[in-house]
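1. Generate coordinates for the sequence data below:
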Amino acid sequence: MTNTKFVAETLTDANGKYRVTVDAPRGYGRVECDLILDGSPTTQQYTKGEAWQDGRKLNTCCGVSAGAKANFDFKLFK
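-> Sure, this is the predicted structure:
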């Protein structure tokens, strides 16, 4: 059984940069990161996105085991 909990959200600054740190809550073994293009005012101009983890392009987005560190980069397309 999968137990999901939303723990953080971030938006880019004026330069397109962002940073978020997530400490997995007790009992969780994995942190999933996702790019949500839901048509909200902050994302409505984009049609798709690509993701990279530690410099490698991903086919599906994005997770890391609790206690590990990873760098995720996203590119949005209009």
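
2. Does Arg19 touch Leu11 like I think?
-> No. Applying CB atoms under 8 Å, one finds Arg19 not in contact with Leu11, separated by 11.1 Å. For every residue, glycine as well, the C-beta is placed using N, CA and C.

3. and Val31, how many neighbours?
-> 20 (other CB atoms under 10 Å).

4. Could you do Val7 as well?
-> For Val7, using other CB under 10 Å, the count is 12.

5. and it, what does it touch?
-> Val22, Pro25, Val31 (CB atoms under 8 Å, 6 or more residues apart in numbering).

6. Next: Phe74.
-> Leu35, Gly49, Glu50, Ala51, Trp52.

7. what do you get for Asp34?
-> Cys61, Cys62.

8. which one is Gly63 nearest to, not counting chain neighbours?
-> Closest residue in space to Gly63, ignoring its immediate chain neighbours: Glu32 at 4.4 Å, by CB to CB, 6 or more residues apart in numbering.

9. next one: phi and psi at that neighbour?
-> Torsion angles at Glu32 (phi, psi; degrees, to the nearest 10) stand at phi -100, psi 140.

10. Kindly report the same for Trp52.
-> According to degrees, to the nearest 10, Trp52 has phi -130, psi 140.

11. What separation is there between it and Pro41?
-> Taking CB to CB, to the nearest Å as the measure, Trp52 falls 26 Å from Pro41.
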